[in-house]
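J.: Fold the following and give me the result.
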Amino acid sequence: MVDFKLPKYYVNREVSWLAFNDRVLEEARDTHNPLLERANFLSITQKNMDEWFMVRVASLQQQVMLGHDKIDAAGLTPEKQLSEVSKISGKQIKDQYQVWTRSLLPALKREGYELLKAEELSNGQFEFLKQFFEQELLPVLTPMAVDSTRPFPFLSNDTLNIGVRLKKSGEKTEKYLAVLQVPETSGRVIPLPETGQYILVEDVVQMFLDSLFPAYTIKESTVFHVLRDMELDVADDEDTPNILQEVQSKLQERERGRIIRLILSGSTSKALMIKLIKLLHVDEKRTYLVNGPIDLTFLNSWLKFIKNDTLKFPDFKGYNNPDLFPENIFNSIRTNDYLLHHPYDSFQSVLQFIQTAAKDDQVLAIKMTLYRVSGKSPIIKALGDAAQLGKQVTVLVEIKARFDEENNVHWARELERQGVHVVYGLRGLKTHAKVTLVVRREDDAIRRYVHLGTGNYNDVTANFYTDLGLLTSDPELGADVASIFNILTGYSDPGYFHQLHMSPDGIREFIYDQIDQEINNAKAGKPSGIKMKFNSLSDERMVKHLYEASHAGVPVSLIIRGITILKVGIPEVSDSIEVHSIVGRFLEHSRVYSFENDGNPKVYLSSADLMTRNLDRRVELLFPLKSDLLRDKVLEIFNTMWEDNVKTRVLQPNGEFIKKDRRGILAVNSQELFIADAIMRQNQVKSQTRMMEMTQRFEPLNNPFINDENEA
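T.: Numbering: from 1, shown residues only. Alright, predicted model coming up:
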């Protein structure tokens, strides 16, 4: 009997996440990508790693400090995990800077875009920066001495700072230390008078440090970046009378969390580095020296200055289905279900659904969940407009959405101001489900229209996240969604759903049942198979079920963008499991769960990944595609992605992800194929529109001199 729980069958989740970020870094290396996109990928790896440190590494550090020694699926204690990931992340940081210094920086220079250092400036540029420093930077700089009467200052999370070692004129010892925060008021990147040349603001500050410390000699200055523990620990229980106030309070506390990473300029002396480590109370194992600009997210600022479309991916706008234009949308959805595959299908269709509902006189109510929205969300405006028009509008705003807490608190307040009923979710659970319900009166009857999706109602990220959504007026799904909102907003326990499955608990048990059915089919010699696509697989019990399926001979095909604690190719355990990971132009975000079901495949979409938090501690939804046409369409999408051999990496038994061997094989880039298909569909619509316009323009005019044929 095989013991599927043995630690040797599992990968540590944090190690797997670092491997994912390395796949993103590969896109920065890939010379087939446009140059500015490569720079953007490098910036993304920095942002990814920063968030990972602020949450995951911080959590491990807290566990170690509290003495927790529970092992993970791979058999590692928190202390061992922390040690392991500190080493791996250190290597990845070095790799990031190798990509920057050896590849991207020279390539940008060849294209005419230079990031200069102080010694490379012309006399004219120096004088320009001197004036800039005096007018823009000097008024906001605050040098802070560190001595017996002035303790080390508080440094905000995710800030650039400069440490300065000083010697007073006439004294022999170098015993003075000062710190100043690099101002953000003028931006990180400063354009220079000569076109195509730039300098970083911290370099400008360092050029003129002398003016801040008269009567002192600057012996050394170094730029450093700090990250703090940013996990939000909200007491979301019966003793918390107001969850909104609790979140707002915790947001303020979070800014003062323990420092969990320090990055310094590679030229920093050992003495200054040790002093800063001591003063910041940061572990030396999570202190890193880098040879290049501190905090590579500065690339976001730089790229905004570079207007060169030839160095970017070609512009692309998704297909906007005329069936879902405002004048058609309710009639169309009443007749057919519609599958939306973003960004290839425009998110405008979802916006039109909500905006049209807001204005439609026959719409009585709109109910919606919001997890992450954009800073200027048109959805928020539409919901406010609907409430102003007298419709019943109820919105669950998840104010605990990580790193979007402040934005969501703002929108919750704004919606309430406009007359919307705002709910903050269930105690102890995050609401991650993506669902909208529109209730409309039609011919003295009430009809429910529903949107269910795998991605957030964010009109910005919808342009570069791939997601799937369903627009339907199916009565059973409508009734289920109505029950979901009754659970979220009131006291309700419907007992069962017609079509939906809901976490906590419901999705886990349902997927277990489907896997078990595939196991039974395989043992009975019937067609069996599992095809799934999601972002992360870190739930040990779910992996165990997939191992049991493989042991029974069920073919298991998984497309996983990020974390996977599962191993492939283990005899009698996972030898029928294959894992692909696609990292490309768009961030793969959709979740698909498909089961062969003895030759009659069942296909489901979901907001949930196979992570313990999604299955046990969040409100998530899993819903079926009842239409054979849409079911087959999703399977076609999955199969196209499975055949991808350009942006796909395949998990190997040794834990590495490697690209497919394309020698002698036609290149298949699934994202580019979906783009081409969307463009073709859009062109067909334009062509049909032109034909209709021409037909109308050249219709025969009534000629009084031509008799009707019947009268001739």
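J.: what comes up buried for stretch 114-126?
T.: Glu114, Leu115, Leu116, Leu121, Gln125 (16 or more other CB atoms under 10 Å). Backbone N, C-alpha and C define where each C-beta goes, glycine included.
J.: Met641: which of those is nearest?
T.: Nearest to Met641 among the buried residues of stretch 114-126 is Leu115, at 37.2 Å by CB to CB.
J.: mind pulling up the phi and psi values for that closest one?
T.: Leu115 has phi and psi values of phi -110, psi 110 when expressed as degrees, to the nearest 10.
J.: With adjacent residues omitted, what lies nearest to it?
T.: With sequence-adjacent residues excluded and distances taken as CB to CB, 6 or more residues apart in numbering, Leu115 is closest to Tyr198, at 5.5 Å.
J.: From the chain's centre, how far out is stretch 468-485? Work that out for me.
T.: Using CA atoms, centre = their mean, to the nearest Å, we find the averaged C-alpha position of stretch 468-485 to lie 26 Å away from the chain's own average C-alpha position.
J.: let me redo that: stretch 478-491
T.: Here the centre of stretch 478-491 is set off from its chain's centre by 28 Å, with CA atoms, centre = their mean.
J.: swap in stretch 70-83?
T.: If you compare the mean C-alpha spot of stretch 70-83 with that of the full chain, they lie 26 Å apart, counting by CA atoms, centre = their mean.
J.: buried residues in it?
T.: Neighbour counts over stretch 70-83 (16+ other CB under 10 Å) mark Asp72, Ala73, Ala74, Leu76, Thr77, Pro78, Lys80, Gln81, Leu82 as buried.
J.: Now the terminal residues of that stretch, how far apart.
T.: 15 Å (CA to CA, to the nearest Å).
J.: Wait, Glu79 touches Asp69, no?
T.: Yes. With contact defined as CB atoms under 8 Å, Glu79 and Asp69 form a contacting pair (7.4 Å).
J.: Could you report the neighbour count for the closest residue in space to Leu630 that isn't next to it in sequence?
T.: With CB to CB, 6+ apart as the criterion, Leu630 has its nearest non-adjacent residue at 4.5 Å, and that residue is Leu339. When neighbours are counted by other CB atoms under 10 Å, Leu339 registers 19.
J.: which residues touch Leu339?
T.: Under the criterion of CB atoms under 8 Å, 6 or more residues apart in numbering, the neighbours of Leu339 are Leu468, Gly469, Leu470, Leu625, Leu630, Lys633, Val634.
J.: Next one: the last one from Thr472, what distance?
T.: The reference is to Val634. The spacing between Val634 and Thr472, counted by CB to CB, to the nearest Å, is 14 Å.
J.: More neighbours: which of the two?
T.: Taking other CB under 10 Å, Val634 and Thr472 do not tie; Thr472 has more neighbours (26 against 23).
J.: Now the phi/psi pair for that one, please.
T.: Reported as degrees, to the nearest 10, the phi and psi values for Thr472 are phi -150, psi 160.
J.: Pull the contacting residues for the closest residue in space to it that isn't next to it in sequence.
T.: Setting aside the residues directly before and after it, Thr472 is nearest to Asp337 in space (CB to CB, 6+ apart), at 4.5 Å. Asp337 makes contacts with Leu470, Leu471, Thr472, Asp474, Leu625, Lys626, Ser627, Leu630, as judged by CB under 8 Å, 6+ apart.
J.: Show me what the helix or strand hosting the last one is packed up against.
T.: Remark: Leu630 resides in helix 628-642, with elements defined by DSSP states H and E. The criterion is 3 or more CB pairs under 8 Å, 6 or more residues apart in numbering; DSSP states H and E, and the helices and strands that helix 628-642 contacts are strand 338-342, strand 465-472, strand 530-534, strand 556-560, strand 577-582, strand 592-595, strand 602-606, helix 670-697.
J.: Would you mind giving those as TSV with mean pLDDT and distance to Glu518 added?
T.: Supplementary listing: the helices and strands packed on helix 628-642 in TSV, determined by pLDDT from 0 to 100; distance: least, CB to CB, whole Å:
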stretch	mean pLDDT	distance to Glu518
strand 338-342	98	24
strand 465-472	98	22
strand 530-534	98	6
strand 556-560	98	9
strand 577-582	98	13
strand 592-595	98	6
strand 602-606	98	10
helix 670-697	88	25
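J.: Of all the ones you listed, which one comes closest to Asn520?
T.: Closest to Asn520 of the helices and strands packed on helix 628-642 is strand 592-595 (CB to CB; 11.7 Å).
J.: Give me the distance between the closest one and the centre of its chain.
T.: Computed by CA atoms, centre = their mean, the chain-centroid distance of strand 592-595 equals 22 Å.
J.: Which residues does Ser557 form beta bridges with?
T.: When bridges are assigned using DSSP bridges, the partners listed for Ser557 are Lys531, Glu578.
J.: Please name the residues that touch Asp315.
T.: Residues near Asp315 by CB under 8 Å, 6+ apart: Asp309.
J.: Roughly how far does it sit from Asp30?
T.: Counting by CB to CB, the gap from Asp315 to Asp30 is 20 Å.
J.: Among the buried residues of stretch 70-83, which lie within strands?
T.: In strands, judged by DSSP state E, none of the buried residues of stretch 70-83 are found.
J.: Out of these, give me the two with the largest separation.
T.: Using CB to CB, these reach their maximum pairwise distance at Ala73 and Leu82, which is 16.5 Å.
J.: before we move on, the earlier item: closest one to Phe298 out of the buried residues of stretch 70-83, please.
T.: Leu82 (28.1 Å).
J.: Show me which residues of the strand or helix carrying Met49 are buried.
T.: Met49 is part of helix 35-52 when elements are defined by DSSP H and E. Within helix 35-52, the residues that count as buried by 16+ other CB under 10 Å are 35-46, 48-50, 52.
J.: downstream neighbour of that helix in the secondary structure list?
T.: In the C-terminal direction, the helix or strand that comes right after helix 35-52 (DSSP H and E) is helix 58-65.
J.: Tell me what angle that following helix forms with helix 35-52.
T.: Direction vectors for helix 58-65 and helix 35-52, defined by axes from the mean of the first three to the mean of the last three CA atoms, to 10 degrees, enclose an angle of 30 degrees.
J.: quick one: buried residues of helix 58-65?
T.: The neighbour-count check on helix 58-65 (16+ other CB under 10 Å) flags Ala58, Ser59, Leu60, Gln61, Gln62, Gln63, Val64 as buried.
J.: Which secondary structure elements does that helix sit against?
T.: In this structure, helix 58-65 makes packing contacts with helix 78-98, judged by 3+ CB pairs under 8 Å, 6+ apart.
J.: Could you give the number of residues near His410?
T.: The tally of other residues near His410 (other CB under 10 Å) stands at 14.
J.: So what's the gap between the helix or strand hosting it and the chain middle?
T.: Applying DSSP H and E as the criterion places His410 in helix 405-417. Here the centre of mass of C-alpha atoms in helix 405-417, compared against the chain's by CA atoms, centre = their mean, lies 21 Å away.
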